[in-house]
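S.K.: here is the input, now give the coordinates:
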Amino acid sequence: MSIKYGKKCNMFRGKWLQDPNGNPYYTNGTCREIFDQQNCMKFGRPDTEFLKWRWKPDECELPLFDAVQFLELVKGKSMAFVGDSWERNQMQSLLCLLASVGYPIDVSYTKDPRFKRWLYVGYNFTLASFWSPHLVKAIDTDPNGPTYNRLMNLYLDEPNHDWAAQIEAFNYVIISAGRWFFGPQMFYENGHLVGCHACHKNNIKNLTMFYGYRKVFRTAFKTLTRLRNFKGVTFLRTLSPAHFENGEWDKGGSCRRTRPVKNSEMKLDEADLEMYMIQVEELRAAERKGRKKGLKFRILDTTECMVVRPDGHPNHYGHGAHENVTIADCVHWCLPGPVDTWNEFLLQMLKMDQNEDSLERRKLQINFR
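M.R.: Numbers count the residues shown, from 1 in each chain. Next comes the predicted model:
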């Protein structure tokens, strides 16, 4: 059976089943929006078996993505992706999935590629991306330093203005953050330094990255609930796991597998599990507070289905023009690939939201009769 609304089915719990006759929704030939970093076919990935699996929820079927149905659901509305390059990964997947219907026009207000905005004219649907890997105000203390080990000043109680100043007008917000919190950070609250993570300064209180991670989600959700005119639905997309094997990312680690592993074979490591639990806890708290204002907070729980997909990463088959290709990418996801399942989930959540709204309207009509 497919997902029946009103009946219980957790589509985020299940397993991957082989689909030998399955074909990807798109290719690097039919979608022009794939970044080189995730364009695995362009850079010669030789295997395609990783594209022939479908996610099967335990108690129902997850329908295939329907681009026309998606655009009909969001007609006249707007959707924003807020976060890091994994949010961009999902957004580019969505652009490619919708390419079977048509391409949007670029209506970006800046030439900065980290802040893009598209309009699907026939549907009056706006899609936007806001680059904000820490979600809060963040200052790079060494802009010319190494990307993965630079010290960041994080103002844990101040949302990043780049997204917070514009998000009020959006109907749907997909938000997430993750890998950027492993680096050294100085934590500020109320304008004062309260501690740090991995800063190696004896005169500053040592706090874990989890302290900062919890605070930024709390601040992001609080910002959304306090915006006077925000009436949108917020989706928290949960942690996307990395899959380096035979070494860390900077010590020769790679991800050479060509098919999913069994659910029992791979689990979240301790740090990822802690971050995942923080996301869930803060989302639930926001859900309770938002309910009082008529705001909806939803969990887009992609973690379980992705933890068993070490085969879905670019490894060495995706890179930018000036990147060191000796370092494997086992954190982002090939396009096309298992990341497209995230948007299959999103479509079903939009349908559920619409059904809930229809039910509420019917209840109101009955009460006024």
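
S.K.: residue nearest the centroid of the protein?
M.R.: Glu87 (3.8 Å; Cα atoms, centre = their mean).

S.K.: was I right about it contacting Val173?
M.R.: No. Between Glu87 and Val173 there is no contact under Cβ atoms under 8 Å: 10.6 Å. From N, CA and C alone the C-beta is placed, and that goes for glycine too.

S.K.: circling back to that earlier point, in three-state terms, label the residue nearest to the centre of the chain for me.
M.R.: helix (DSSP: H, G, I helix; E, B strand; the rest coil).

S.K.: quickly list what the closest residue to it other than its chain neighbours is bridged to.
M.R.: Setting aside the residues directly before and after it, Glu87 is nearest to Phe81 in space (Cβ to Cβ, 6 or more residues apart in numbering), at 4.5 Å. Note on Phe81: beta-bridge partners by DSSP bridges are Ser129, Ile174.

S.K.: state the distance from Phe81 to Ala67.
M.R.: In this view, Phe81 and Ala67 are 18 Å apart by Cβ to Cβ, to the nearest Å.

S.K.: more neighbours, those two?
M.R.: Legend: neighbour count by other Cβ atoms under 10 Å for Phe81 and Ala67, higher for Phe81 (28 against 19).

S.K.: ok so Val280 is a helix residue?
M.R.: Yes. Assessed by three-state DSSP, Val280 belongs to a helix.

S.K.: pLDDT value on it, please?
M.R.: Note for Val280: predicted pLDDT of 98.

S.K.: neighbouring contacts of the helix or strand where Ala271 lies?
M.R.: Following DSSP states H and E, one finds Ala271 within helix 270-291. Here helix 270-291 makes contact (Cβ atoms under 8 Å, 6 or more residues apart in numbering) with 176, 178, 181-182, 210, 213-214, 217-218, 221-222, 224-225, 234, 236, 238-239, 241-242, 267-268, 296-297, 299, 303.

S.K.: in strands, which of these appear?
M.R.: Thr234, Leu236, Lys296, Phe297, Ile299 (DSSP state E).

S.K.: so how far is Gln348 from the second one?
M.R.: Same thing as Leu236. Distance, Leu236 to Gln348, by Cβ to Cβ: 16 Å.

S.K.: out of the two, which sits in the busier spot?
M.R.: Leu236 (25 against 20).

S.K.: how far away is that one from Ser85?
M.R.: Leu236 sits 17 Å away from Ser85, taking Cβ to Cβ as the criterion.

S.K.: repeat for Cys96
M.R.: Cys96 is 16 Å from Ser85, by Cβ to Cβ.

S.K.: who's more crowded, these two?
M.R.: Higher neighbour count among Cys96 and Ser85: Cys96, with 24 against 19, using other Cβ under 10 Å.

S.K.: and that one, that's in a helix?
M.R.: Yes. Counting by three-state DSSP, one finds Cys96 located in a helix.

S.K.: how close does it get to Met352?
M.R.: Using Cβ to Cβ, one gets 23 Å for the distance from Cys96 to Met352.

S.K.: again, but for Lys267
M.R.: 28 Å.

S.K.: what do you get for Asp272?
M.R.: Counting by Cβ to Cβ - Asp272 and Met352 are separated by 27 Å.

S.K.: low-confidence stretches in the chain?
M.R.: Along the chain, the model assigns pLDDT under 70 to residues 1-7, 145-148, 320-325, 357-369.

S.K.: go again using 90 as the cut-off
M.R.: Low-confidence segments of the chain, defined by pLDDT under 90, span residues 1-9, 21-22, 32-33, 113, 141-150, 200-202, 247-252, 263-264, 318-327, 354-369.

S.K.: tell me where it has strands.
M.R.: For the chain, the strands defined by DSSP E occupy 14-18, 53-57, 78-83, 105-106, 117-120, 125-131, 136-140, 152-159, 172-175, 185-189, 192-197, 233-237, 296-300.

S.K.: quick one: closest of these to Lys251.
M.R.: Set against Lys251 and scored by Cβ to Cβ, these come closest in strand 192-197, at 21.4 Å.

S.K.: picking up where we left off before, would you mark the buried spots in the helix holding Ala271?
M.R.: The neighbour-count check on helix 270-291 (16 or more other Cβ atoms under 10 Å) flags Asp272, Glu274, Met275, Tyr276, Ile278, Gln279, Val280, Glu282, Leu283, Ala286, Glu287, Gly290 as buried.

S.K.: from those residues, which is closest to Leu193?
M.R.: Ile278 (22.1 Å).

S.K.: any idea how far the closest one lies from Lys296?
M.R.: Distance of Ile278 to Lys296, computed by Cβ to Cβ: 21 Å.
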